[in-house]
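Asker: Make a model of this:
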Amino acid sequence: MILPRQVGQVLRGEEPGPVHLVPPDPAATSTTVADADATAAGALLDLIREIELLIETLSATPVPELRSGGLGVREAKRLSKLTGIDEQRLGLILELSAAAGLIASGMPDPEPQDAGGPYWTPTVAADRFLETPSAARWHLLATTWLDLPSRPGLIGNRGPDGKPYAALSDSLYSTAAPLDRRLLLELLAELPPGAGVDTRHASQALIWRRPRWAARLQPEPVGHLLDEAQALGLIGRGALSTPARVLLQAGEDAAVEAMNKVLPAPIDYFLVQADLTVVVPGPLQRELADELAAVATVESAGAAMVYRVAEQSIRHALDTGRTAGALHAFFERHSKTPVPQGLTYLINDVARRHGQLRVGMASSFLRCEDPSLLAHAVAAPALEPLEVRLLAPTVAVSQAPIAELLAALRQAGFAPAAEDSAGAIVDLRRRGARVPAPAHRRTARALPRPSVDTLASVVAMLRRVDSANPFAGVRLDPAVAMALLQQAAVEHKDVVIGYVDAAGVATQRVVRPLMVNGGQLMAWDPTQGRPREFAVHRVTSVMSADAG
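Answerer: Residues are numbered from 1 along each chain as shown. Okay, the predicted model is just below:
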């Protein structure tokens, strides 16, 4: 017995499609416009902070690109650990950053020591992004997401071939993704302000509107779209935010102005606690945030961020040339609460010990006003491979680079400082790696309305395909498809293949097969100007491109 298709869909947990003539009501929740906007603004601030963290991390340690493109599972896990961002969310951030031109694959400058191929690295456009106001950043990210021809929600899942979907790879590519996003936002825009949706109600309403897109509008992919829109500040508590509504109806200036009204104004103060934590009850001014990040580390992120001041963070601030007096003045000027004595004592204690050892270049030199401390440092086991030798009771030299000497001294438990020829403390941190911004980004654009001549040409092509392929409408056996593709590869001929992608979208593509191996077709794709992989079991038809 063969069950009806709708029964099979229900058994698989899918929405069976329209069953009523009346459209289902997508509204599932209700909130105030102010609450929706506040939630959206908070989500946007979190996203911007995570993108800044990603840029900073990739600037210090570029990540190698896979030969097949994208980011490997191991590299993605390591990057998730370094940034503290969940892998699924990190995938969305990577896709957005790459599509917006903030990161790109290439050889960074300076090159990594083990340079062996292209690396994912921030572009020079990332520096402009970091200096851009938050509302303008939101507009860039939101419009990038709307036109993003990929499905970040698939990252981490496994495809039909058993392989996981990798971030920044072609396996996520989907020309239909922008259509689904706009369809969802248009549905939300038709609801009264404050009315929200959930995954199930939104999926039902979308499938009723587009029954033939039902495979792409099931609860799981719609849930991914809702999560992404929430992360971008387009949705708050399931309802469309005011800036998103303006973005769909007006131009860039109006949308940016609407987001400016929603975002909390930057503040110029923080609260220093007795346990040496610093509570920031809102977004800090850019310059103040940079100053605080130099002397404290983030302990918890969110609407109210918490930083912690410790000996290591103070030493880092002193390494960059700041003085104890400057740090005292910084906290006294910007803290709304009295500066605790513990913080004052800690800064003075670290500053008193910091810089007693001075490192310069001889290749490098080491000097100290205390002869016994210098002798103790030179005799440390960690400095033995560097061949440090005393020139005088207060001066020693080494042939090792200054960075290696500093690292060895710190490993031995000392707190050295680097100085220039004038004796002033200098910051020797490496400049962040950068690659040129891509000349253009791959985006999905709405197709123009076809003319009568164009439609006539399409009909003629369809008729030619039907006459050349007697098996039209019949799914091709994978063994037959493999044989036809191997023959085309040997003869170096272009073929038209019917192909169903991971989202269930059927398309026809003109490709030139290069190699068929292990159930995978490697073919030259003239639309992208590079080779691409296709799963043979997804190929529904094969015919010569010259058939006619």
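
Asker: got the buried residues for stretch 23-41?
Answerer: Using 16 or more other CB atoms under 10 Å as the test for burial, stretch 23-41 gives 24, 26, 27, 31, 33, 36, 37, 38, 39, 40, 41. No exception for glycine: its C-beta is placed from N, CA and C like everyone else's.

Asker: Ok, stretch 52-60 next?
Answerer: For stretch 52-60, burial by neighbour count (16+ other CB under 10 Å) applies to 52, 53, 54, 55, 56, 57, 58, 59.

Asker: Turn the buried residues of stretch 23-41 into CSV, including pLDDT and secondary structure.
Answerer: CSV is the format used below for the buried residues of stretch 23-41 (pLDDT from 0 to 100; DSSP: H, G, I helix; E, B strand; the rest coil):
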residue, pLDDT, secondary structure
24, 89, coil
26, 91, coil
27, 91, strand
31, 93, coil
33, 94, helix
36, 94, helix
37, 94, helix
38, 93, helix
39, 93, helix
40, 94, helix
41, 93, helix
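
Asker: for those, which one is nearest residue 319?
Answerer: The shortest gap between residue 319 and any of the buried residues of stretch 23-41 belongs to residue 41, at 35.6 Å (CB to CB).

Asker: my guess is that closest one meets residue 265, correct?
Answerer: No: assessed by CB atoms under 8 Å, residue 41 is found out of contact with residue 265, at 11.2 Å.

Asker: Is residue 264 in a helix, a strand, or coil?
Answerer: What DSSP: H, G, I helix; E, B strand; the rest coil gives for residue 264 is coil.

Asker: Contact partners for it?
Answerer: By CB atoms under 8 Å, 6 or more residues apart in numbering, residue 264 lies in contact with 41, 282, 283.

Asker: ok, residues contacting stretch 207-221?
Answerer: For stretch 207-221, the surrounding residues in contact (CB under 8 Å, 6+ apart) are 13-15, 17-18, 20, 23-24, 151, 153, 176, 180, 183, 187, 199-200, 203, 206, 503-505.

Asker: now that stretch, how far from the chain's geometric center?
Answerer: Relative to its chain's centre, stretch 207-221 lies at 27 Å (CA atoms, centre = their mean, to the nearest Å).

Asker: Now the terminal residues of that stretch, how far apart.
Answerer: 12 Å (CA to CA, to the nearest Å).

Asker: now do stretch 403-420
Answerer: With CA to CA, one end of stretch 403-420 sits 13 Å from the other.

Asker: got a list of contacts for it?
Answerer: Outside stretch 403-420, the residues that touch it by CB under 8 Å, 6+ apart are 315, 318-319, 350, 353-360, 364, 366, 377, 380-383, 385-386, 388, 398, 400, 402, 425-428.

Asker: Please name every helix or strand in contact with the longest strand seen in the chain.
Answerer: Taking DSSP state E as the criterion, the chain has its longest strand at strand 506-517. Counting contacts by 3 or more CB pairs under 8 Å, 6 or more residues apart in numbering; DSSP states H and E, strand 506-517 is packed against helix 478-491, strand 495-500, strand 520-525, strand 530-535.

Asker: Packing partners of the second one?
Answerer: So the one you mean is strand 495-500. Judged by 3+ CB pairs under 8 Å, 6+ apart, strand 495-500 is in contact with helix 478-491, strand 506-517, strand 539-544.

Asker: try the third one
Answerer: Using 3+ CB pairs under 8 Å, 6+ apart as the contact test, the elements touching strand 520-525 are strand 506-517, strand 530-535.

Asker: Can you list the buried residues in that strand?
Answerer: Neighbour-count burial for strand 520-525, with 16+ other CB under 10 Å as criterion, is recorded at 521, 522, 523, 525.

Asker: winner for burial among the helices and strands packed on strand 506-517?
Answerer: Across the helices and strands packed on strand 506-517, the average number of neighbours (mean count of other CB atoms under 10 Å) peaks for strand 495-500, which reaches a mean of 20.

Asker: quick one: average pLDDT of that strand?
Answerer: On average, the pLDDT along strand 495-500 is 86.

Asker: surely residue 539 meets residue 501?
Answerer: No: counting by CB under 8 Å, residue 539 does not reach residue 501; the two are 11.4 Å apart.

Asker: gap between residue 476 and residue 540?
Answerer: 6 Å (CB to CB, to the nearest Å).

Asker: any residues in contact with both of the two?
Answerer: Counting by CB under 8 Å, 6+ apart, the shared contacts of residue 476 and residue 540 are residue 498.

Asker: Which residue comes closest to residue 37 once chain neighbours are left out?
Answerer: Once flanking residues are discounted, residue 37 sits nearest to residue 262: 4.5 Å by CB to CB, 6 or more residues apart in numbering.
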